[in-house]
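Asks: predicted model and sequence follow; I will ask about them next.
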Amino acid sequence: MSGLGDLLRLTVRRNRWFYLAWVLALGITPVMTASAYEAVVGTGVKRDVLIATLVGNPTMRAMLGPPFDLSTPGGFSAWRVGTFTATMACIMTALGVIRSTRADEEEGRTELVRAGSVDRRAPLTAAVLVALGAATVLGVLIAAGLIAQGEAASGSVAYGLGTTLVAAVFAGVAAVTAQITASARAARGMAMGALGTMYAVRAVADGVSDSSALRPLHWGVPIEWMALARPYAGERWWVLALPAVLTLVLVLAAYRLEAVRDHGSGLRATASGRPRAKASLLSPEGLAWRLQRGSVIGWTLGMMLFAFAMGSLSGSMGDMLKEAPVLEEIFRRMGQDASDLVDAFYTAMLGIVGVVVAVMAVQLFQRLGQEERRQHAETVLATAVPRLRFALSHIGIAVVAATALMALVGLCLALPEAIGQGHADRLAQIAGAGLALAPGVLLVLGLAVLLHGWLPRLDWLTWVVVFWSLFVIWVGGTLNLPEWMKRLTPWEPLPKIPAEPMDWLPVLACVLVALALIALGLLGYRRRDIRS
Amino acid sequence: MNMTAIEIRDLTKTFGPVKALDNLTMDVAEGEVHGFLGPNGAGKSTTIRVLLGLLRQDSGTARLLGGDPWKDAPALHRRLAYVPGDVNLWPNLTGGEVIDLLGRLRGGLDPVRRDALLERFDLDPRKKGSTYSKGNRQKVALVAALSSDVELLLLDEPTAGLDPLMEAEFRDVIHAERTKGRTVLLSSHILSEVEHLCDRVSIIRQGRIVESGTLAELRHLTRTAVTAELAQPVPAEIASLPGLHDVTIDGRRLDAQVDDTALGDLLGRLSALGVRTLTSAPPTLEELFLRHYDDDIREPAGEREPA
């Protein structure tokens, strides 16, 4: 394939920091979890009881995946953070492939490359190969790190290789979505939508009781295949053939799709539109909404569905109450010390939802920066639109969508319990619980606005805060991080309803701080140059 | 042409180590079409973006329609329209939607005029932004800018993507705008366009204005190419006459570039020697522009600067 070598070098050169950051962060997590094993589960009888409880707990299963053998540090790590790491690695490969395919094509860079003596399939091949390379390095880091800690070699290899192959599947998924849509944004949305759906399906399949007819569904979910290969629990090597074959099929499909479409366009021809604008478009706010509504609607529906699926697990929680004594210890970590298991479940879920909604809010806001880079901001600001109004049109959408979504997610989370057990009063309570966490989202958004106003080149720092929060919520309880580090998230001061009672003071304080950050950021945005 | 539409004094703007504008000074009078010329990267777009309040100057002043381009941006922008050199449209908005949107954000557009321009530029407003060619994107921006009733048009290489037919339409439209008394700042590389449209021209290089004046004034700065065949061999001392450049003598044939101040003197000398044939190419702006575009042939600034 002519030009492939050069393109591989180019792709590595352009994405090295991107992949390096992902691979290091994800490679460390499984190894650190294994090394914290004894500190977390203890020893002797205490350990056995704890493990038995963990294995039977539907909330933990829904969040983390199926437990097999938790009696070794490796096996514990594979359950506790394995599926999480594999899912995150899927985000890495999917974003990476789209960066180097559809995003480059959309910006016209691929056209320059393709005009050279370069095979038509070379850019896609290079993008996929580099993503697979990063996934391989990640797998090697995991396997080598665990073997170095004295874990069984075969289990460690299954763990590492499984992570690599699951991540490879999403390199394939992204290669396909990059062919279907004409914009990188839509391609990313489609790949992330697929990932979110898979996560929800596997959460339900793992969370239901062992005898449920839904349980076998998890075999249909690629991100579960690493876990289903049972690292450290009598490895089932053949399971790993599934992601390998699926990746191959997806990549071949992507080649096929690329061959039948024109360069620069998606598979779907772009339809004609209206010759005149509707009145609703004719304002900065109307424009921002038009540009953002697809994302807002997609996120809202996706999150509501996810919450409903999670909420439907709350019914099986009642059975667990009988074995409560040790479980309460677990939920001390994730459920903020709730006495009621269902409460603890809602609290833990809302904690995760808060960070995910922050991802949405930051993404919606960063459209403002994209508009600037694509010189759309210049076009709008050359008209009579003041800068503040232009910036606020995007910030407003992020604030309203995020706040409303927090309440909606709470509502959907409690909906199954309200229907199934007639606890209608739960609806308002859990919706309110979601709303009480919204100020944390606004704090993250405030930071994003502040950076964009004064130091637009450091926009990415916001993502560090977001991923740190996600990391703390997911694995912070397992790792022996100092307490102050675990508390270092924007959601820390807010009341964790229903585990804790409502407390207005921190809620209002966080809202005020968030508004101050936004105002400060706007001050900078009004003073600085608009980049071209 | 009494009021000043654009008044720039000692404008300096740096991007990191790069000095994009270096004490730039220029004026555009109200009602004139002002050509803004210069090689790529000379600072044309930076100047326009300062005038639009998108960039803030490091030092110097700029006045636009009597206001401050930074502080009064929204109010001033109601009275002007801008066409960028590289038009980026929203991929999922149609051309028609963009035209209506930009018109409204500017404070309103004339729908009759909009439709006439669409027809004139042969533009389909139903297509999505991502499916327009470069030239058609340019047309969307032009129609959007020209549909509004504004005092000032800032056009940054507006015809870069247009075919010759559309370029001719563009010239007609700008002519019409001028008769209505609109001020136009037209950045361009196309010399014939500038010669056709512009009352005055400023040439920018490395962030400074190096020439500024009417086309007639600039022509005086140019040299006439003279080729003569004499009845006898050309005497060598002709080559040392003041105001002659690039002289080649080949027997009875003389080729030279002549400053217009030296033209009469030279013709007197030649006719005394007996002229068989004489051709003189009229002074072209192109030569002047090329001289300024080319970094290697830099004239000492004091010699050639009229302003």
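Replies: All right, it came through fine.

Asks: measure the residue lying closest to B:Asp163 once chain neighbours are set aside to B:Pro164 for me?
Replies: Spatial nearest neighbour of B:Asp163, excluding adjacent residues (C-beta to C-beta, 6 or more residues apart in numbering or on different chains): B:Gly135 at 6.4 Å. Any C-beta I mention is one placed from the backbone N, CA and C, and that applies to glycine too. Distance from B:Gly135 to B:Pro164, counting by C-beta to C-beta, to the nearest Å: 11 Å.

Asks: and what of B:Leu52?
Replies: With C-beta to C-beta as the criterion, B:Leu52 and B:Pro164 are 29 Å apart.

Asks: neighbour-wise, which of these two wins?
Replies: B:Leu52 (24 against 8; other C-beta atoms under 10 Å in any protein chain shown).

Asks: does that one touch B:Tyr82 like I think?
Replies: Yes - using C-beta atoms under 8 Å, B:Leu52 is in contact with B:Tyr82, at 6.1 Å.

Asks: any shared contact partners between those two?
Replies: A:Ala382, B:Leu154 (C-beta atoms under 8 Å, 6 or more residues apart in numbering or on different chains).

Asks: just list the residues touching A:Leu392, thanks.
Replies: A:Leu522.

Asks: a helix runs through it, doesn't it?
Replies: Yes - per DSSP: H, G, I helix; E, B strand; the rest coil, A:Leu392 lies within a helix segment.

Asks: all the strands of the chain, residue numbers only.
Replies: Picking chain A for this. Under the criterion DSSP state E, chain A contains no strands.

Asks: hm, I was asking about chain B
Replies: Under DSSP E, chain B gives strands at B:4-15, B:18-29, B:33-37, B:59-64, B:80-83, B:152-156, B:183-187, B:200-205, B:208-214, B:223-230, B:244-250, B:253-259, B:275-281.

Asks: if I pick the residue of the stretch 151-300 of chain B found nearest chain A, what's in contact with it?
Replies: Using C-beta to the nearest C-beta, the single residue of the stretch 151-300 of chain B nearest to chain A is B:Leu154, 8.0 Å away. By C-beta under 8 Å, 6+ apart, the contact set of B:Leu154 is A:Ala382, B:Ile48, B:Leu51, B:Leu52, B:Leu80, B:Ala81, B:Tyr82, B:Val83, B:Leu185.

Asks: how many neighbours does the second one have?
Replies: When neighbours are defined as other C-beta under 10 Å, B:Ile48 has 23 of them.

Asks: ok, now which ones touch it?
Replies: B:Tyr82, B:Leu154, B:Asp156, B:Leu185, B:Ser187.

Asks: circling back to that earlier point, now mean pLDDT too, for the strands of chain B, in JSON lines please.
Replies: Converted to JSON lines, the strands of chain B look like this (pLDDT from 0 to 100):
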{"stretch": "strand B:4-15", "mean pLDDT": "94"}
{"stretch": "strand B:18-29", "mean pLDDT": "93"}
{"stretch": "strand B:33-37", "mean pLDDT": "93"}
{"stretch": "strand B:59-64", "mean pLDDT": "94"}
{"stretch": "strand B:80-83", "mean pLDDT": "94"}
{"stretch": "strand B:152-156", "mean pLDDT": "94"}
{"stretch": "strand B:183-187", "mean pLDDT": "94"}
{"stretch": "strand B:200-205", "mean pLDDT": "91"}
{"stretch": "strand B:208-214", "mean pLDDT": "89"}
{"stretch": "strand B:223-230", "mean pLDDT": "86"}
{"stretch": "strand B:244-250", "mean pLDDT": "86"}
{"stretch": "strand B:253-259", "mean pLDDT": "87"}
{"stretch": "strand B:275-281", "mean pLDDT": "87"}
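
Asks: tabulate these in JSON lines, adding columns for distance to A:Ile91.
Replies: Shown next, in JSON lines, are those (distance: least, C-beta to C-beta, whole Å):
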{"stretch": "strand B:4-15", "distance to A:Ile91": "35"}
{"stretch": "strand B:18-29", "distance to A:Ile91": "38"}
{"stretch": "strand B:33-37", "distance to A:Ile91": "48"}
{"stretch": "strand B:59-64", "distance to A:Ile91": "47"}
{"stretch": "strand B:80-83", "distance to A:Ile91": "40"}
{"stretch": "strand B:152-156", "distance to A:Ile91": "40"}
{"stretch": "strand B:183-187", "distance to A:Ile91": "44"}
{"stretch": "strand B:200-205", "distance to A:Ile91": "48"}
{"stretch": "strand B:208-214", "distance to A:Ile91": "50"}
{"stretch": "strand B:223-230", "distance to A:Ile91": "66"}
{"stretch": "strand B:244-250", "distance to A:Ile91": "66"}
{"stretch": "strand B:253-259", "distance to A:Ile91": "67"}
{"stretch": "strand B:275-281", "distance to A:Ile91": "67"}
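
Asks: out of these, nearest to A:Arg387?
Replies: A:Arg387 lies closest, by C-beta to C-beta, to one member of the strands of chain B: strand B:80-83, at 15.5 Å.
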